[in-house]
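Undergrad: Okay, predicted coordinates and the sequence, questions at the end:
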Amino acid sequence: MLGDELERWARGRAPDLIARAEQQAVAELARALVAAAVAEREERTAAGPEVSSRPPAREPARPEPDAGTGLWAYCVARADVELTPAAAPVHPGGVLERVVDEGLAALVSRVPMSEFGSEALTRNLNELDWLEQVARAHEAVLERALEAATIVPLRLCTIYRDADGVRRMLREERAELEAALRRLDGREEWGVKLLVDRDALQAAARRRDSEAGELERRLEGSTEGEAYMLRRRLERELRESADRLAGQLAEDVHARLQDWVDAAVLNPPQNRELSGHEGEMLLNAAYLVSSAKIGRLRELVDELVERHRELGARIELTGPWPPYNFVAGSTTAQAAPA
């Protein structure tokens, strides 16, 4: 869904890609995306020639709207891999091609700066249909590239003036890029969302909480005045007990999954209004998993769902995704050893 894509972008790849949202929510997201992708480039243009948007190097300098065309960059891979996936670029006038420099290759396509320059981009990012089209095209290219090679994904709106700018980025960030490629070799990013039915969780809390049971027994023989206070205490006790169960559930699922992965990132739960998910999200995590362990990961998720069925738990396993969460600078989330 678009919801997952925009969120990964908005996390600083700002992103998880959200479903169609109300106009106000989309405008807020677009403004945040503009700030991340454009404003920093404007502030740093005076510092010198453009480089990629990935730290520690500077952001790419912003091409002016009348500068003709620029190069939209999708990802970086090793140069000895044929990386021209059968996918449509973000603009139909461009063609996917590689820019190579000493063992590294960036996948790029040409875009008109009349549409992708700073001012035009600011306007277009507030147009939901345009944003969705570009988002899906960018993600589709990354997913097809990921099928062919280990890649370091670049975040949305990484644009360079020309091939020299791309090569300069590859040279200046060579050490970081090569380290990232080594770290990602033979591994895949998978997403896990733990959702729970709140009513089922509270019902389980009622069955397990002895203090709640005692309060219910006292209610049966209470006066009207006592009953009011007892009901309030019971409601509070059940709410706190359900919250404790939710925390224990999330900790158990995350701990069990960490045993099978190489690295993990815990991201904030998604906004229900934006993502459209049902239930309460307790865990929104990304895991870097050895390709050889994916089958076991699926089995483990099924086991955890069965184990926590009484609590109304549902676990969504998705992937593989372009590994934004495990590349420094692709997202604001920080990767941590599992």
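TA: Structure's in. What do you need?
Undergrad: got the contact list for Glu82?
TA: Ala148 (Cβ atoms under 8 Å, 6 or more residues apart in numbering). All C-beta atoms are positioned from the backbone trio N, CA, C, and that covers glycine.
Undergrad: Could you check the pLDDT of it?
TA: pLDDT, Glu82: 81.
Undergrad: What are the contacting residues of stretch 306-317?
TA: By Cβ under 8 Å, 6+ apart, the surrounding residues in contact with stretch 306-317 are 190-201, 204, 245, 249, 252-253, 279, 297-298, 301, 304-305.
Undergrad: What residues sit buried inside that stretch?
TA: Using 16 or more other Cβ atoms under 10 Å as the test for burial, stretch 306-317 gives 308, 311-315, 317.
Undergrad: can you give me the helices in this structure?
TA: Ranges of helices in the chain, per DSSP state H, are 2-8, 23-34, 40-44, 113-116, 118-124, 128-148, 163-172, 174-184, 198-208, 210-220, 224-258, 272-275, 294-307.
Undergrad: which parts of the last one are buried?
TA: Okay, so that is helix 294-307. Judged by neighbour count (16+ other Cβ under 10 Å), helix 294-307 contains these buried residues: 294, 297, 300-301, 304.
Undergrad: So Thr158 sits against Cys75, correct?
TA: No. With contact defined as Cβ atoms under 8 Å, Thr158 and Cys75 do not form a contacting pair (9.5 Å).
Undergrad: re the thing from before, Ala106: which of the buried residues of stretch 306-317 is nearest?
TA: Set against Ala106, the nearest of the buried residues of stretch 306-317 by Cβ to Cβ is Leu317 (30.8 Å).
Undergrad: What distance do you get for that closest one to Ile151?
TA: Per Cβ to Cβ, to the nearest Å, Leu317 is found 21 Å from Ile151.
Undergrad: on that earlier part again, looking at the helices of the chain, which one has the lowest mean pLDDT?
TA: The weakest mean pLDDT among the helices of the chain belongs to helix 40-44, with a mean of 36.
Undergrad: hang on, Gln270 packs against His277?
TA: Yes. Counting by Cβ under 8 Å, Gln270 touches His277, with 6.5 Å between them.
Undergrad: what domains does the record give for this protein?
TA: The chain breaks down by automatic domain parsing into domains covering 2-184, 188-211+239-337.
Undergrad: hmm, back to that, any common contacting residues for Gln270 and His277?
TA: In contact with both Gln270 and His277: Lys193, using Cβ under 8 Å, 6+ apart.
Undergrad: related to what we said a few turns ago, among the contacts of stretch 306-317, which ones are buried?
TA: Those of the contacts of stretch 306-317 that meet the buried threshold are 190-196, 200-201, 204, 245, 249, 253, 279, 297, 301, 304, by 16+ other Cβ under 10 Å.
Undergrad: From the buried residues of stretch 306-317, pick the one nearest Ala286.
TA: Of all the buried residues of stretch 306-317, Ala286 sits closest to Leu317, with 11.3 Å by Cβ to Cβ.
Undergrad: ok, the closest one to Phe116 distance?
TA: Counting by Cβ to Cβ, the gap from Leu317 to Phe116 is 35 Å.
Undergrad: One more: Glu102?
TA: 28 Å.
Undergrad: Equivalent analysis for Ala149, please.
TA: Distance check for Ala149 against Phe116: by Cβ to Cβ, it reads 26 Å.
Undergrad: same deal with Val90?
TA: Taken as Cβ to Cβ, the span from Val90 to Phe116 is 8 Å.
Undergrad: Mutual contacts of these two, please.
TA: Residues touching both Val90 and Phe116 (Cβ under 8 Å, 6+ apart): Trp72.
Undergrad: list the buried ones in stretch 123-132?
TA: Of the residues in stretch 123-132, 124-126, 128, 131-132 count as buried by neighbour count, 16+ other Cβ under 10 Å.
Undergrad: Greatest separation within the residues you listed: which pair is it?
TA: In the buried residues of stretch 123-132, the most distant members under the criterion Cβ to Cβ are Asn126 and Glu132, with 12.3 Å between them.
Undergrad: Please name the residues that touch Ala148.
TA: By Cβ under 8 Å, 6+ apart, Ala148 lies in contact with 81-83, 85.
Undergrad: just to revisit the earlier point, which one of the buried residues of stretch 306-317 is nearest Glu97?
TA: Taking Cβ to Cβ as the measure, Glu97 sits nearest to Leu317 out of the buried residues of stretch 306-317, at 34.5 Å.
Undergrad: what are the bridge partners for that closest one, then?
TA: Val192 (DSSP bridges).
Undergrad: any idea of the pLDDT on it?
TA: We have a pLDDT of 95 for Leu317.
Undergrad: just Ala21 next, same as before
TA: Ala21 carries a pLDDT value of 33.
Undergrad: same question, Pro63
TA: Predicted confidence (pLDDT) for Pro63: 43.
Undergrad: Among Ala149 and Phe116, which residue is more densely surrounded?
TA: The neighbour count for Ala149 versus Phe116, taken as other Cβ atoms under 10 Å, is higher for Phe116 (21 against 18).
Undergrad: Would you check how far apart the more buried one and Leu282 are?
TA: Phe116 sits 39 Å away from Leu282, going by Cβ to Cβ.
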